[in-house]
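Asks: below: sequence and its predicted model.
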Amino acid sequence: MRKILAGILIGVLCVGSLSGCGKGTSEETDSTISETVNATDETETDTQTESISETEAIDLNYTVPFSMADIDWNVEEGIVRGTRAFVMSYTNNTKCDVLGLDITYSKKSDVTDEQMLNAFSNLKAEHGYEDSEIIGFQLNVRNYEFAVSGRKVEQEPLYVSGGSGYVTTDEQLNLFEPDIAEINYVDGDKIYTAYYDFKNDKMNCDSSDTIDKCSWSDSDMAQKVPKPEYNIVTIESNDDSMFAYNIYGITKDDFKTYKEQCVQNGFTEDSNNDDEGYYEAKNSDGFTLSIYYESDANRMVCMLTDY
């Protein structure tokens, strides 16, 4: 049951916006953000010039401090939960801490519908997909482990995106090619999201995805849990019924310390306790806090709900 609950919890928190918080544990690098934006067209009006926002200025002047070559990744056959499937591994050779790597594969331009249907006939038989669904398949691999500079992350399975199941054969894999990589990383006191275009060999950073790594919500829900005093805390959901956040770069002892803080905050009722890395309990107001420590990822996933 603990594994089932933990899987649901991680699934909820691996998708969402990033927002960050406290105690430093990882190497930081300086961000290079220009302070000014020069007008390139002297005929533009003052109104047009003033319309360039600070966010857009960051877009124009911030340079991603690494290349895709610094994310040394490869795909090979491996074993996933007893099933032979293709898996990704990568080494973070950047000078930044990486919080997540997401690579999407698109179908090659010369692939026919018949090839797709033949290659994924196993999934059609197992899950009852329509032909049109199979023809529209993409591949995807996501990893959300906390990878400090120099760390190697291994054995992340490739999934059929828009479908269900692992990529299990050369025939399936060879129908696709890498399309876009999304990299979440820390640079200075910010968390950035960079996008790499495999087709055009270009890297860019959208500053609308840039947030502070050291912040915390003042919402009513957030006030019910202990504020984590760690280097990187990302807020994944923050509304009236759920407050969800991840803590990166921590150890098992950190998990135990934070769990005790939660106990001191009154989360003791109907508790489900596992010293290996899981704790769930209600407080006297009926709010439920679940925290799960992922030792491989050096990350703690936390969620507070109003039920």
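Replies: On my side now, so go ahead. Residues are numbered from 1 along each chain as shown.
Asks: residue contacts, Thr251?
Replies: Thr251 makes contact with Asn298, according to C-beta atoms under 8 Å, 6 or more residues apart in numbering. For the C-beta atoms, the positions are set from N, CA and C on the backbone; glycine is no exception.
Asks: relative to Glu260, how far out is it?
Replies: 14 Å (C-beta to C-beta, to the nearest Å).
Asks: same question, Glu280
Replies: 15 Å.
Asks: comparing the two, which residue is more hemmed in?
Replies: Counted by other C-beta atoms under 10 Å, Glu280 and Glu260 do not tie: Glu280 has more neighbours, with 21 against 12.
Asks: for the protein, name the helix or strand with the lowest mean pLDDT.
Replies: Least confident element among the helices and strands of the chain, by mean pLDDT, DSSP states H and E: helix 46-50 (a mean of 38).
Asks: any low-confidence regions in the protein?
Replies: Applying pLDDT under 70 to the chain flags the ranges 1-60, 162-163.
Asks: can you give the domain ranges for the protein?
Replies: Domain segmentation of the chain under automatic domain parsing yields 2-22+214-305, 68-211.
Asks: any idea which of these gets closest to Tyr62?
Replies: Set against Tyr62 and scored by C-beta to C-beta, the domains of the chain come closest in domain 68-211, at 5.8 Å.
Asks: which stretches of the protein form helices?
Replies: Secondary structure of the chain (DSSP state H): helices located at 2-13, 46-50, 54-61, 113-119, 121-127, 131-135, 170-173, 252-264.
Asks: which neighbouring elements make contact with the shortest one?
Replies: What that stands for is helix 170-173. helix 113-119 (3 or more C-beta pairs under 8 Å, 6 or more residues apart in numbering; DSSP states H and E).
Asks: which other residues reach the helix it packs on?
Replies: Lys107, Lys124, Asp131, Ile134, Ile135, Phe137, Thr169, Glu171, Gln172, Leu175.
Asks: pick out the most distant pair among the residues you listed.
Replies: It's Asp131 and Thr169 that sit farthest apart of those, by C-beta to C-beta, at 18.8 Å.
Asks: any idea how far Asn246 is from Tyr195?
Replies: Going from Tyr195 to Asn246 by C-beta to C-beta gives 21 Å.
Asks: and these two? Which one has more around it.
Replies: Asn246 (26 against 16).
Asks: how many other residues sit next to Lys152?
Replies: 11.
Asks: measure it to Ser207 for me?
Replies: In terms of C-beta to C-beta, Lys152 sits 30 Å off from Ser207.
Asks: cool, and Ser89?
Replies: Applying C-beta to C-beta to Ser89 and Ser207 gives a distance of 30 Å.
Asks: then Glu236?
Replies: 20 Å.
Asks: hang on, the earlier thing: show me which of Ser89 and Ser207 is the more surrounded one.
Replies: Ranked by neighbour count (other C-beta under 10 Å), Ser89 and Ser207 place Ser207 first, with 20 against 16.
Asks: who does the nearest residue to Phe255 once chain neighbours are set aside form a beta bridge with?
Replies: For Phe255, ignoring the flanking residues on the chain, the nearest one in space by C-beta to C-beta, 6 or more residues apart in numbering is Tyr293 at 3.9 Å. In this entry, Tyr293 is beta-bridged to Met300, by DSSP bridges.
Asks: ok, Ser106 - contacts?
Replies: Gln138, Phe176, Glu177, Asp179.
Asks: quick check: the third one touching Lys108?
Replies: Yes - Glu177 is within contact range of Lys108, at 5.5 Å (criterion: C-beta atoms under 8 Å).
Asks: so between these two, which is more surrounded?
Replies: Glu177 (15 against 11).
Asks: list the contacts of that one.
Replies: Tyr105, Ser106, Lys108, Phe198.
Asks: kindly recompute the last result at 6 Å.
Replies: When contacts are counted by C-beta atoms under 6 Å, 6 or more residues apart in numbering, Glu177 touches Lys108.
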